[in-house]
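[1] Quick one: sequence plus predicted model below, questions after.
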Amino acid sequence: MSFNDQLQRLQQFLDADDLHDEALDYMAACGYLTALSVSPEDVAEDEWLAELFAETPNYADDQQKTDIVSTLRELKIRLARELASDEDMELPCELSLGDEPDYSDLRSWCIGFMEGVFLREEAWFNNDEELVSELLLPVMVGSGLFADQPEFIEIEEDQDMVEDMMEHIPGVLTQLFLLFHAPEEKPKPALVSPRK
């Protein structure tokens, strides 16, 4: 079975009505796994699976459980690989909240991403809170989770600004990934050597 077929099967499973109300749907799960791949601190598989599903799903059988978990694991590996490449990441949805943001795929993706951040919030903001907050702003706006906070109310009123922010999400992911995972650079040599 191709990986695309596995993803389709995963999507059907996550988008079905019989999962827990707080379980992440497919698009949110993609955002969540992306955040785990960006995260400065690893999260154990048991923990992130438990958070993703909210409670253990009623799998049809052990084989289905193995298939779903292995597809999630493989998707996470592939997302990490894409983040580590030189290209900006391609999201599995349009970079727009559209006319009904609450029903858009991008909103779900952003909510999932923030759920991944919340798992290790302290580690995300530990070293450079201001820069990380600035980089995360488009995802935070996209998620709608902070819409009642004064600074976000102001942003939400400017639709053009919001849409512009959404288009910057792939670049932001690359910057966050590099911030947390790029090897420490050696000090750059001075451009002009002092004369002796």
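    Cool, got the structure.
[2] any idea where the helices of the chain begin and end?
    3-14, 26-38, 45-53, 62-84, 105-119, 121-125, 129-143, 150-156, 159-167, 169-181 (DSSP state H).
[3] so how far is the last one from its chain's centroid?
    By that I understand helix 169-181. Taking C-alpha atoms, centre = their mean, to the nearest Å, the mean C-alpha location of helix 169-181 is offset from the chain mean by 11 Å.
[4] which parts of it are buried?
    For helix 169-181, a neighbour-count test (16 or more other C-beta atoms under 10 Å) marks 169, 172-177, 179-180 as buried. No exception for glycine: its C-beta is placed from N, CA and C like everyone else's.
[5] Over to the fourth one?
    Residues of helix 62-84 classed as buried under the neighbour-count rule (16+ other C-beta under 10 Å) are 67-68, 71-72, 75-76, 79-80, 82-83.
[6] Which one of those residues is nearest to Asp164?
    Leu83 (22.4 Å; C-beta to C-beta).
[7] quick one: that closest one from Pro57, how far?
    27 Å (C-beta to C-beta, to the nearest Å).
[8] Tell me the buried residues in the worst-scoring helix or strand of the chain on mean pLDDT?
    Between all helices and strands in the chain, the lowest mean by mean pLDDT, DSSP states H and E belongs to helix 150-156, at a mean of 92. Buried positions in helix 150-156, judged by neighbour count with 16+ other C-beta under 10 Å: 152, 155-156.
[9] cool, and stretch 127-134?
    For stretch 127-134, using 16+ other C-beta under 10 Å, the buried residues are Val132.
[10] Mind listing residues that contact that stretch?
    40, 124-125, 176, 179 (C-beta atoms under 8 Å, 6 or more residues apart in numbering).
[11] and what of stretch 154-171?
    Here stretch 154-171 makes contact (C-beta under 8 Å, 6+ apart) with 88-91, 95-97, 106, 110, 137-139, 141-142, 147.
[12] residue ranges with poor pLDDT in the protein?
    The model of the chain has pLDDT under 70 over residues 184-196.
[13] how about 90 then?
    1, 86-87, 127, 182-196 (pLDDT under 90).
[14] show me what contacts Leu7?
    Leu7 sits in contact with 71, 75, where contact means C-beta under 8 Å, 6+ apart.
[15] Start the count at 34 instead of 1 going forward.
    Sure thing, new numbering starts at 34, so read that last one as Leu40.
[16] Can you give me the distance of it to Asp138?
    In terms of C-beta to C-beta, Leu40 sits 14 Å off from Asp138.
[17] ok, now Leu112?
    On the measure of C-beta to C-beta, Leu112 and Asp138 end up 16 Å apart.
[18] cool, Glu88 as well?
    Counting by C-beta to C-beta, the gap from Glu88 to Asp138 is 24 Å.
[19] Between those two, tell me which one has more neighbours.
    Asp138 (20 against 11; other C-beta atoms under 10 Å).
[20] Go ahead and confirm that one touches Tyr59.
    No - here Asp138 lies out of contact with Tyr59, judged by C-beta atoms under 8 Å, at a distance of 9.1 Å.
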